[in-house]
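*Asks:* I need the structure of the sequence given here:
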Amino acid sequence: MKYICLGYIDEHKWDALSESERNALMDECFAYDDMLRKNGHFAGGEALQSIRNAATLRWNNGKVSVTDGPYAETKEHLGGILVLEARDMNHAIQLMSNHPGVKAGPFEIRPAADLTAMIAESERRRSETNGGSKPV
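*Replies:* Residues are numbered from 1 along each chain as shown. Sure, this is the predicted structure:
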């Protein structure tokens, strides 16, 4: 089963680390990711750029509004995602408990939702609505 691991970081604490401290932590993280990959547990992942480069979209009064950055009153912000393959939640927790990234900030782990049936049903409804034509 896939689990989405959301890694949070306090950018001020990260920026306060020396370059050698940041490099050492990243080297530990990448080495652990390599071990996860080797054992078939790493299904994907991406780091995120700074919250200074983010935009948030919301539906407001019948249209999309765009604001800079995330809308969160917190010191820790989403820093990256890791898609983990694990037997169950306990296994996912066990694997991520050993990840060096936990030193930089908390990880939230959530089971990935399987939308296969929901997508198929939506395609069926849209096909009926469009007179049998495939949705664009």
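*Asks:* hang on, isn't Lys2 packed against Arg87?
*Replies:* No: taking contacts as C-beta atoms under 8 Å, Lys2 lies outside contact range of Arg87: 11.5 Å. C-beta here means a position set from N, CA and C on the backbone, and glycine is covered the same way.
*Asks:* who has more neighbours, these two?
*Replies:* Lys2 (15 against 11; other C-beta atoms under 10 Å).
*Asks:* Who are the contact partners of the more buried one?
*Replies:* 43, 83-85, 111-112 (C-beta atoms under 8 Å, 6 or more residues apart in numbering).
*Asks:* Which element, helix or strand, includes the residue nearest the centre of the chain?
*Replies:* Centroid check for the chain by C-alpha atoms, centre = their mean gives Ile81 as the closest residue, at 2.9 Å. Using DSSP states H and E, Ile81 sits within strand 76-85.
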